[in-house]
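*Asks:* Could you work out the structure for the sequence below:
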Amino acid sequence: MTEPGWTKLGLIAGGGDLPLEILKAQAGRPIFVVALRGFVDRDYSNTDHVSISVGEIGGIIKALKAAGCDAICFAGYVTRPDLKSLKMDARGLIMVPRALAAGRKGDDAVIRVVVDEFERAGFAVVGADSLIGQGGLPAGVIGAADTIEAHREDAAKAMAVAAEIGRLDIGQGAVVANGIVLAVEAQEGTNAMLERVAGLPAPLRGSPGHRLGILAKRPKPIQERRVDLPTIGVDTVERCAAAGLAGIALEADGALIVDRDGVEAALERHGLFVLVEAAS
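*Replies:* Here you go, the predicted model:
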């Protein structure tokens, strides 16, 4: 897929598989990768790329312009860095007061500051969903559809909890089992949240032989949807399976599935499902 109005993409890559999924989907098109040092955990040595600190905003912009990029996409997870140890250039330092002020409101406010900086530098910001052909994730069921009915109430509550913490700009995810909120996502991210759930007693969270509970992920109401859209992949399914959960709930047109074939295979392997429902 292509996005009108731009000719070369700068892919600002954090951790996880999403940047690689974009490179695969856009194979044959000119892409320059900015690998964010300290966050990237995949190999980009075979791509046209540069490795640079997330605090070197001026350096990133200079590299993108030197590579001829007129659009950028933020892809992959990036946690809040420690400013005391972060390598920053002059432009990054100038951004710090605005980022700190925004940070008191929540992560999405920080994202908006970063996006604004790149737009002011002349780049179009492109959403990852449009690049991997998921401009609108449709409602439906993936995986073990026959097990859904027993978990619909948990899915509805988990989605409601996720919506509420999103309204407060806390996180995007929540886990509910038998009507009990087992965890909500904050700064630690989805993976760490699922590890916490896996550490709970099995009767509370479920087990491979008797699965309970739903992980819900949905955008925040104030979400900058071109950046940080809720994402699941094979690793998410594996972690849900290890935690004894029964499935995952997503919002239609509000999430990304990385490696769809791999996700479907993992769901079948563990007897889990993904329920995608329209926003409520």
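
*Asks:* what is the closest residue to Trp6 other than its chain neighbours paired to in the beta sheet?
*Replies:* With sequence-adjacent residues excluded and distances taken as Cβ to Cβ, 6 or more residues apart in numbering, Trp6 is closest to Ala71, at 3.5 Å. (Each C-beta comes from the backbone N, C-alpha and C, glycine too.) The partner list for Ala71 in beta bridges (DSSP bridges) reads Leu9, Ala124.

*Asks:* Return the residues in contact with Ala71.
*Replies:* Contact analysis of Ala71 by Cβ atoms under 8 Å, 6 or more residues apart in numbering lists 3, 5-10, 123-126.

*Asks:* Mind giving me the PyMOL select for those residues, buried ones only?
*Replies:* The PyMOL selection below is limited to those of the contacts of Ala71 classed as buried (16 or more other Cβ atoms under 10 Å):
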select buried, resi 9+10+123+124+125+126
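
*Asks:* Lys220: which of the contacts of Ala71 is nearest?
*Replies:* Within these, the smallest distance to Lys220 is 17.4 Å, found for Val125 (Cβ to Cβ).

*Asks:* Hmm, the closest one is touching Cys73, no?
*Replies:* Yes: between Val125 and Cys73 a contact is recorded at 7.4 Å, counting by Cβ atoms under 8 Å.

*Asks:* per-residue confidence at Val130?
*Replies:* Rather than Val, residue 130 is Ser. What the model reports for Ser130 is a pLDDT of 87.

*Asks:* and what of Val176?
*Replies:* On the pLDDT scale, Val176 gets 98.

*Asks:* now Ala278
*Replies:* As summarised for this prediction, Ala278 has a pLDDT of 89.

*Asks:* likewise Leu93?
*Replies:* pLDDT, Leu93: 86.

*Asks:* where exactly do the helices run in the stretch 101-250 of the chain?
*Replies:* 107-120, 128-131, 152-167, 189-198, 202-205, 234-242 (DSSP state H, counting those that start in this stretch).

*Asks:* elements contacting the lowest-mean-pLDDT helix or strand in the chain?
*Replies:* Within the chain, judged by mean pLDDT, DSSP states H and E, the helix or strand with the poorest mean is helix 90-103; its value is a mean of 81. For helix 90-103, the packing partners by 3 or more Cβ pairs under 8 Å, 6 or more residues apart in numbering; DSSP states H and E come out as helix 57-66, helix 107-120.

*Asks:* Report the contact partners of the closest residue to Gly254 other than its chain neighbours.
*Replies:* For Gly254, ignoring the flanking residues on the chain, the nearest one in space by Cβ to Cβ, 6+ apart is Pro219 at 4.6 Å. Listed by Cβ under 8 Å, 6+ apart, the contact partners of Pro219 are 166, 172, 225, 229-230, 251, 254-255.

*Asks:* separation between the residue nearest to Trp6 and Phe118?
*Replies:* Ala71 sits 10 Å away from Phe118, going by Cβ to Cβ, to the nearest Å.

*Asks:* show me what contacts the nearest residue to Pro81 once chain neighbours are set aside?
*Replies:* Nearest non-adjacent residue to Pro81, counting by Cβ to Cβ, 6+ apart: Val54, 5.9 Å away. Residues near Val54 by Cβ under 8 Å, 6+ apart: 36-39, 78, 81, 86.
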